[in-house]
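Q: Sharing a model that was predicted from the sequence below.
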Amino acid sequence: MPIVTVNDAELNVFDQGQGPPILFVHGFPLNHTMWQAQLDAFAGSHRVIAPDLRGFGASGVSQATLSMERFADDLDALLNALGVDEPITYCGLSMGGYVAWEFIRKYGSRLKALVLCDTRAAADSPEAVDNRRKMAQLVLENGVEPIAKAMTPKLLSQATLDSQPDVGRRLSEMILSTRPETVAAALHAMAERADATEKLGSIGVPTLMVVGSEDILSTVDEMRGMSEAVPGANLVVIDGAGHMSPMEDPQAVNAALASFLESVSR
């Protein structure tokens, strides 16, 4: 996989296939491999681009303060570096959705379509901000293992934990491979992100929202409210999945994504 230097960061990037480009943006505290089932499914018909955000995965350590805006700036610069000049489909999960709000704000003209998986538009509550900051300090003091143990059961549904232990293992391995400094910096960045609720009504591209029926972090009700606020948006609920629906039920997510991509290509 190529390393592409953008701004002051070296990004590890999966870039395969030909056709309409899809940009896959991973969640926290993961890397691009969370999208492996989607990359495999769509590389035959699309150009699939999936970076490790700065500091994550095999991308270089970030010397700059992390923020959702900085991630969005990196993605814009990455598309330029890769020679992508046609409109893209942006597909982000969780923190990748938080980055999407900044990408839309600054680089909305690059969008052909938008896919938001298991994410939120609302900013953190004061309690959630405090929890993120405490968690950041915990990671710096004790490493990533405590957060991996705490997060995995919240990211996956009980059905997934019971019937697909390999998914839990892959998820834990991704979290454990992330640098403590990156985890802490991203926690602060998410705590400080802006509320995007008022932006929903101004989204002017075809939009698909995907959520696991058992997601306790970005609930079905919350994402239904988001989809109702975005003009013409569609909501697909993945039965039995939790927060990591693309990993938990890739067939259902891929089917929803394929149908959506077909509709926007007409």
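A: Structure's in. What do you need? Numbering: from 1, shown residues only.
Q: now the strands: where do they sit in the stretch 101-250 of the chain?
A: Secondary structure of the stretch 101-250 of the chain (DSSP state E, counting those that start in this stretch): strands at 111-117, 207-212, 234-238.
Q: could you give the mean pLDDT of the second one?
A: To tie it back to what came earlier, the one meant is strand 207-212. For strand 207-212, mean pLDDT is 98.
Q: What lies in contact with it?
A: Residues outside strand 207-212 that contact it (C-beta atoms under 8 Å, 6 or more residues apart in numbering) are 113-118, 157, 218-220, 223, 226-227, 230, 232-238, 240-246, 248-249, 253, 256-257, 260. For the C-beta atoms, the positions are set from N, CA and C on the backbone; glycine is no exception.
Q: Separate out the buried members of those.
A: 113-118, 157, 218-219, 223, 226-227, 230, 233, 235-238, 240-246, 248-249, 253, 256-257, 260 (16 or more other C-beta atoms under 10 Å).
Q: Might you specify the subset of those residues located within helices?
A: Those of those mapping onto helices are Met223, Met226, Ser227, Ser245, Pro246, Glu248, Val253, Ala256, Leu257, Phe260, per DSSP state H.
Q: Pull up the gap between the first one and Leu257, please.
A: In this structure, Met223 and Leu257 are 16 Å apart, going by C-beta to C-beta, to the nearest Å.
Q: With the second one instead?
A: Here the distance between Met226 and Leu257 works out to 18 Å (C-beta to C-beta).
Q: Which of the ones in helices among the buried ones among the contacts of strand 207-212 sits closest to Val61?
A: Proximity of these to Val61 (C-beta to C-beta) peaks at Pro246, which lies at 26.7 Å.
Q: Once you drop chain neighbours, what's closest to the closest one?
A: Nearest residue to Pro246, sequence neighbours excluded (C-beta to C-beta, 6 or more residues apart in numbering): Val253, at 4.7 Å.
Q: Looks like that neighbour contacts Val237 (just checking).
A: No - assessed by C-beta atoms under 8 Å, Val253 is found out of contact with Val237, at 11.1 Å.
Q: Distance of Tyr116 relative to Leu200?
A: Rather than Tyr, residue 116 is Leu. Separation of Leu116 from Leu200 (C-beta to C-beta) stands at 10 Å.
Q: Arg179 now?
A: 33 Å.
Q: do the same with Ala233
A: As judged by C-beta to C-beta, Ala233 and Leu200 stand 9 Å apart.
Q: who touches both of the two?
A: Shared contacts of Ala233 and Leu200 (C-beta under 8 Å, 6+ apart): Met226.
Q: Report the buried residues of stretch 258-266.
A: Within stretch 258-266, the residues scored as buried using 16+ other C-beta under 10 Å are Phe260, Leu261, Val264.
Q: and what of stretch 198-214?
A: Across stretch 198-214, burial judged by 16+ other C-beta under 10 Å covers 199-200, 203, 205-214.
Q: Compute the first-to-last residue distance for it.
A: Using C-alpha to C-alpha, to the nearest Å, the end-to-end distance of stretch 198-214 comes out at 26 Å.
Q: Same check on stretch 118-125?
A: End-to-end distance of stretch 118-125 (C-alpha to C-alpha): 18 Å.
Q: cool, stretch 56-63 as well?
A: Stretch 56-63 has an end-to-end distance of 13 Å (C-alpha to C-alpha).
Q: quick one: average pLDDT of that stretch?
A: Mean predicted lDDT for stretch 56-63 stands at 90.
Q: rewinding a little: output the buried residues of stretch 258-266 in CSV; the columns should cover distance to Pro21 and pLDDT.
A: Shown next, in CSV, are these (distance: C-beta to C-beta, whole Å; pLDDT from 0 to 100):
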residue, distance to Pro21, pLDDT
Phe260, 15, 98
Leu261, 11, 97
Val264, 13, 93
